[in-house]
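Colleague: What shape does this take:
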Amino acid sequence: MTNPSWFLDELAHAGPEHLDSAYVQGYDQKAGVDVSEDVALLRDLGLNETSTLVDLGAGTGALALAVAPLCRRVVAVDVSAPMLANLRAAAERLGLANLELVQAGFLSYAHQGAPADFVYSRNALHHLPDFWKAIALVRTAAILRPGGVLRLHDLVYSFDPAEADRVVEPWLAGAAPSPEVGWTKAEYETHLRDEFSTFSWLLEPMLERAGFDIRDASHAPRRVYSAYTCVKRG
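Modeller: Residues are numbered from 1 along each chain as shown. Here you go, the predicted structure:
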């Protein structure tokens with residue numbers, strides 16, 4: 001499917017570092033993502049050998065690689081060719097024949113086959129401005145069967161605008177000392193200036209308007225990160 005010319009170019013909004021092969025090689029160590037709790041949650045929600053899961057903004061594929069042995073079908077979607085190349089190499093090493101890779105984004109992925117049972121997304125939606133987040137969430141709901149589950153993690157601001165200084169400054173102060181071990185103050189500042197994380201009180205109505213019931217919303221103590229478990233209404 002070809003989107004209209006007025007659609008946002010997700011590749012141009014991906015962040016140049018995510019398109020750099022050298023950066024991608026060290027991404028997992030830098031990000032320090034542990035998907036074990038999400039895997040357990042998804043299994044509790046019914047993920048099994050009959051399930052189809054779509055990972056939107058899959059990156060290097062930590063979640064996709066972990067759930068592929070448990071599912072019938074996993075589709076890992078990302079706009080970054082270097083991210084997908086890294087994921088492809090890992091999938092080949094592990095012999096995962098049911099893991100499909102698609103170079104696309106929230107606005108361009110065209111799902112094939114039966115509706116998915118699960119959609120997962122971590123730290124990808126914030127690359128889209130709010131107008132496009134809303135459209136992306138409607139498109140995400142269309143991928144799922146009624147009763148299907150969206151598990152969403154992202155940098156989401158669970159505070160009021162008047163509190164920004166009181167929340168942001170301590171967050172920046174707690175940044176990693178170097179990019180080799182985590183996200184630095186300079187990287188957080190770039191995120192705040194140039195990317196599109198939104199407030200929880202804006203994102204949650206978007207989810208509901210897109211056709212989801214929010215079953216769980218978890219906001220991190222620093223109030224700059226949230227996780228949602230949502231179910232598509234029938």
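Colleague: quick one, helices of the chain?
Modeller: For the chain, applying DSSP state H gives helices covering 21-25, 27-31, 36-44, 62-67, 81-94, 130-143, 164-173, 185-194, 200-209.
Colleague: what comes into contact with the first one?
Modeller: Think helix 21-25. Residues outside helix 21-25 that contact it (C-beta atoms under 8 Å, 6 or more residues apart in numbering) are Glu17, His18, Thr60, Ser80, Pro82, Met83, Ala85, Asn86. C-beta here means a position set from N, CA and C on the backbone, and glycine is covered the same way.
Colleague: follow-up on the earlier one: of the helices of the chain, flag the one that's most buried.
Modeller: Ranked by mean neighbour count under mean count of other C-beta atoms under 10 Å, those are led by helix 62-67, which reaches a mean of 22.
Colleague: which residue packs closest to Arg151, ignoring adjacent ones?
Modeller: Leaving aside its chain neighbours, Arg151 sits nearest to Tyr120 (4.9 Å; criterion: C-beta to C-beta, 6 or more residues apart in numbering).
Colleague: Next up, the contacts around the one you found.
Modeller: Counting by C-beta under 8 Å, 6+ apart, Tyr120 has contacts Asp38, Leu42, Leu53, Val54, Asp55, Leu56, Leu63, Leu150, Arg151, Leu152.
Colleague: Could you list the low-confidence segments of this structure?
Modeller: 1 (pLDDT under 70).
Colleague: mind checking which of the helices of the chain is nearest Gly113?
Modeller: In terms of C-beta to C-beta, the element of the helices of the chain nearest to Gly113 is helix 130-143, at 10.4 Å.
Colleague: got the angle for that closest one vs helix 200-209?
Modeller: 40 degrees (axes from the mean of the first three to the mean of the last three C-alpha atoms, to 10 degrees).
Colleague: Identify the residues contacting helix 130-143?
Modeller: In contact with helix 130-143 (C-beta under 8 Å, 6+ apart) are residues 8, 54, 56, 106-107, 109, 111, 115-116, 119, 121, 125, 128, 150, 196, 198, 202-203, 206-207, 209-212, 232.
Colleague: Would you mind confirming that Gly182 is in contact with Gly32?
Modeller: Yes: Gly182 is in contact with Gly32 according to C-beta atoms under 8 Å; the separation is 6.6 Å.
Colleague: Fine by me, we can end here.
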